[in-house]
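Engineer: Could you look at this predicted model? Sequence included:
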Amino acid sequence: MPSLIAPLLAGLALAGFTGLLLAAAWGDAARYLIPNRLSLAILGVYPFFVAAAHFSAGSYPNVNWLGGLIVGMAVLAAGILLFARGWVGGGDVKLLASASVWAGPALVFDLLVTMALSGGVLAVLVMLRGRNDAGRALPYGIAIAAGGVYVALRLAGATVARPLLG
């Protein structure tokens with residue numbers, strides 16, 4: 001892969017990842033629904049990023065495709081248990097698992113912390129607006145997307161996205 005194509009492909013993959021996360025957040029906010037095709041598309045874009053990172057000579061040190069798959073499967077397994085108990089929605093589980101693949105072992109903690117903090121802010125905003133009086137769940141895809149966007153920024157090496165605890 002020529003030296004100019006790899007960074008371009010990596011940038012496009014990161015932009016695709018971010019756009020798909022934002023589409024999932026929008027859909028969850030509007031309809032309390034995260035379509036499976038968005039989670040699958042997030043996974044589908046990942047191999048292009050991995051390939052581009054491989055040919056970008058150390059530009060993406062946090063990319064570990066095997067570790068990402070293992071982390072994604074672990075998050076999916078934990079999410080299935082939470083879904084079976086009725087504590088989380090199925091779309092949330094699939095979106096978080098697909099974002100976790102991108103995070104991999106190096107960034108999964110950052111993903112989860114950013115998601116949790118965003119989820120707390122989201123819960124407060126929903127309570128302040130009084131929109132959750134029908135007993136509906138939070139559109140947690142918004143918080144998952146926030147964590148995923150943070151991961152995308154970290155993968156891109158953005159200086160505005162420093163590690164949360166380090």
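Structural biologist: Here it is on my side, so go on. Because the structure is a prediction, the values reported are computed rather than measured.

Engineer: How about Ala13: what's its closest non-neighbour residue?
Structural biologist: Closest residue to Ala13 apart from its sequence neighbours, by C-beta to C-beta, 6 or more residues apart in numbering: Phe49 at 3.7 Å. From N, CA and C alone the C-beta is placed, and that goes for glycine too.

Engineer: which residues sit against stretch 66-82?
Structural biologist: 46, 88, 92-94, 96-98, 100-106, 108 (C-beta atoms under 8 Å, 6 or more residues apart in numbering).

Engineer: In helices only, show me those.
Structural biologist: Those of those mapping onto helices are 46, 92-94, 96-98, 100-106, 108, per DSSP state H.

Engineer: which residues does the residue nearest to Ala13 contact?
Structural biologist: By C-beta under 8 Å, 6+ apart, Phe49 lies in contact with Leu9, Ala10, Ala13, Leu14, Phe17, Tyr60, Val63, Trp102, Leu155.

Engineer: Now for the residues you listed: which two are most distant?
Structural biologist: Leu9 and Trp102 (15.1 Å; C-beta to C-beta).

Engineer: Can you report how many residues lie near Ser100?
Structural biologist: 29 (other C-beta atoms under 10 Å).

Engineer: What distance do you get for it to Leu76?
Structural biologist: Separation of Ser100 from Leu76 (C-beta to C-beta, to the nearest Å): 8 Å.

Engineer: got it, and Gly27?
Structural biologist: Between Gly27 and Leu76 the computed distance is 20 Å (C-beta to C-beta).

Engineer: Then Ile42?
Structural biologist: Distance, Ile42 to Leu76, by C-beta to C-beta: 13 Å.

Engineer: Good, we can wrap up now.
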